[in-house]
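K.L.:
Could you look at this predicted model? Sequence included:
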Amino acid sequence: MKKLVAVLLVLISIFSAIFAATADEIFPASDNPFSAILDNSYPHSARSLGMGSAGIAVGGRSDSFYMNPALLARRTLISIPYAQVTVYHPYDLLQKDEETGKSIVDDFMDVFKSGDMQDITGPALGVLESIKSGRGKIAELDAGVTLGGGGFALGFHVNDIIHTYGNGVGGIDASLYDELNVNILAALGLRFDITPSISLDIGISSGVSVMGYSDLIGAQSVLDMMGDSESGDPMAILKSTPIALGWSIPLNVGLNLNLPLGFSVGVVGRNLLNPILGYNMRVMDVGEVMENPMGSVSAAFSGGERFTIKMDPSLDFGLGWKWNNGFFSPTLAVDVVDTIGLFRDDFSLRSFVEHLRIGAEVRLLSFLDLRGGINQGYWTVGAGIDLWAIKVDAAYYWQEFGDTAGDYGLDAFTIRINIGFDR
């Protein structure tokens, strides 16, 4: 129990530290570290990530809720709940040190076994030293619940990301900031039969999205806070600093044309209201959020110092093919995402690859899934075990953090556990 309490205190300290912010620097722009929050990407499951983040026209399970609401037509899904964890730089975390013969993961395990959490600054330093220059991430957590049937679905999704930013350098000289997203959505998908072998699915999803994010804090400051056990309350100064918290109304519309022989064509328009409404943000104190989280969320919808974040809508296209049988069921997907941005920029082979997603999945004996794909030119692999009521999916892949495809990729490992009937 003491070890568990110590771990929780360390995590609270880290996450509270990176929620520090300054009001004059918290506004995101395309050329600053916070431009990552302007990304219009939707939540990706471990299944999708293993397939190169493709699947707009084929979807699958509760992925359909976010990938393309039209895929909900005549689909039943109950997911209570699901949790997904992503760790970036896994190669660096598992690589053995030549002198000690241990990895950063081994060092963390030694600290947990000893129970002396003051020693956690050592492996934590190893994690921070793995940060590269430019934009990146350290970890990501997703959790939620999806309920639906007959084409209608309700979803609750929470996503927390620890971003990194090295302004020309990385490692201990880099900075971190946190981004939190909460989505409460309702979606409806309807099918219209055109011929016995051709049908059209139409879907729409909307609700409320709440987003919060912090300003940059130096990696060295995080280490200092973790190791400061004699100053009384090392987080006192952070409780008076502001963070940005706001809300928006998402609107996504999807179409899916189901063709003979298992082929399908999909199109999705995302964030259609964002250019008009944007995220209505309010600046508030960390202490206010820590003392009354629900009250802080409520306050985000009322008065106070405000600014607006507007994001461009996106238009995504996908081609898919599925063949279902009892022993060997393959799925193929090819997506071109954000075609508006593709044609707005200088169209070239490099920019096309940046918007291209290709994925494949093979289901064996109705319970084992093997996956692979290409995302922005980077390969992805994944696997899943489907035991009807419990599903476990994992993916290892590379993600682009540079300005264009091939500039700067980071490896990542994602694992997801899903409980509930989901077809």
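P.N.:
Nice, thanks for sending it over.
K.L.:
and M51, what does it touch?
P.N.:
T331, A333, G359, A360, E361, R371, G372, G373, T380, G382 (CB atoms under 8 Å, 6 or more residues apart in numbering). (C-beta placed from N, C-alpha, C; glycine too.)
K.L.:
Please read the previous query as pertaining to I161.
P.N.:
By CB under 8 Å, 6+ apart, the neighbours of I161 are K137, A139, E140, L141, D178, E179, L180.
K.L.:
can you redo those as TSV with distance to A29?
P.N.:
Putting those into TSV (distance: CB to CB, whole Å) gives the following:
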residue	distance to A29
K137	19
A139	25
E140	23
L141	26
D178	19
E179	15
L180	20
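K.L.:
Of those residues, which is the nearest to F347?
P.N.:
Taking CB to CB as the measure, F347 lies nearest K137 of the contacts of I161, at 28.8 Å.
K.L.:
Neighbours of that closest one, how many?
P.N.:
When neighbours are defined as other CB atoms under 10 Å, K137 has 21 of them.
K.L.:
those strands in the stretch 201-350 of the chain, which residues are they?
P.N.:
In the stretch 201-350 of the chain, the strands defined using DSSP state E, counting those that start in this stretch lie at 217-218, 242-248, 251-258, 263-270, 279-285, 306-309, 314-322, 328-336.
K.L.:
closest one to L190 among these?
P.N.:
strand 251-258 (10.8 Å).
K.L.:
chain center to the closest one: distance?
P.N.:
Relative to its chain's centre, strand 251-258 lies at 22 Å (CA atoms, centre = their mean, to the nearest Å).
K.L.:
just to revisit the earlier point, pick out the most distant pair among the contacts of M51.
P.N.:
Farthest apart among these by CB to CB are T331 and T380. That separation is 14.4 Å.
K.L.:
Regarding this protein, what is its longest strand?
P.N.:
strand 175-195 (DSSP state E).
K.L.:
and that one with strand 242-248, angle?
P.N.:
Angle between the axes of strand 175-195 and strand 242-248 is 10 degrees (criterion: axes from the mean of the first three to the mean of the last three CA atoms, to 10 degrees).
K.L.:
follow-up on the earlier one: weakest of the strands of the stretch 201-350 of the chain by average pLDDT?
P.N.:
Among the strands of the stretch 201-350 of the chain, strand 217-218 carries the lowest mean pLDDT, at a mean of 72.
K.L.:
one step back: so can I have JSON lines of the contacts of M51 showing neighbour count and distance to N324?
P.N.:
As requested, those are arranged in JSON lines below (neighbours: other CB atoms under 10 Å; distance: CB to CB, whole Å):
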{"residue": "T331", "neighbour count": "23", "distance to N324": "9"}
{"residue": "A333", "neighbour count": "29", "distance to N324": "15"}
{"residue": "G359", "neighbour count": "27", "distance to N324": "17"}
{"residue": "A360", "neighbour count": "19", "distance to N324": "15"}
{"residue": "E361", "neighbour count": "26", "distance to N324": "12"}
{"residue": "R371", "neighbour count": "25", "distance to N324": "16"}
{"residue": "G372", "neighbour count": "19", "distance to N324": "19"}
{"residue": "G373", "neighbour count": "27", "distance to N324": "20"}
{"residue": "T380", "neighbour count": "25", "distance to N324": "23"}
{"residue": "G382", "neighbour count": "25", "distance to N324": "20"}
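K.L.:
Just put the residues you listed in CSV and tack on secondary structure and distance to T146.
P.N.:
As requested, the contacts of M51 are exported to CSV (DSSP: H, G, I helix; E, B strand; the rest coil; distance: CB to CB, whole Å):
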residue, secondary structure, distance to T146
T331, strand, 20
A333, strand, 20
G359, strand, 21
A360, strand, 25
E361, strand, 20
R371, strand, 21
G372, strand, 26
G373, strand, 23
T380, strand, 23
G382, strand, 20
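K.L.:
quick check, nearest of those to Y408?
P.N.:
T380 (17.0 Å).
K.L.:
how about the closest residue to that closest one other than its chain neighbours, what does it touch?
P.N.:
Among residues not flanking T380 along the chain, Y397 sits closest, at 3.7 Å (CB to CB, 6 or more residues apart in numbering). Listed by CB under 8 Å, 6+ apart, the contact set of Y397 reads L49, G50, G52, N375, Y378, W379, T380, V381, G382, D411, A412, T414.
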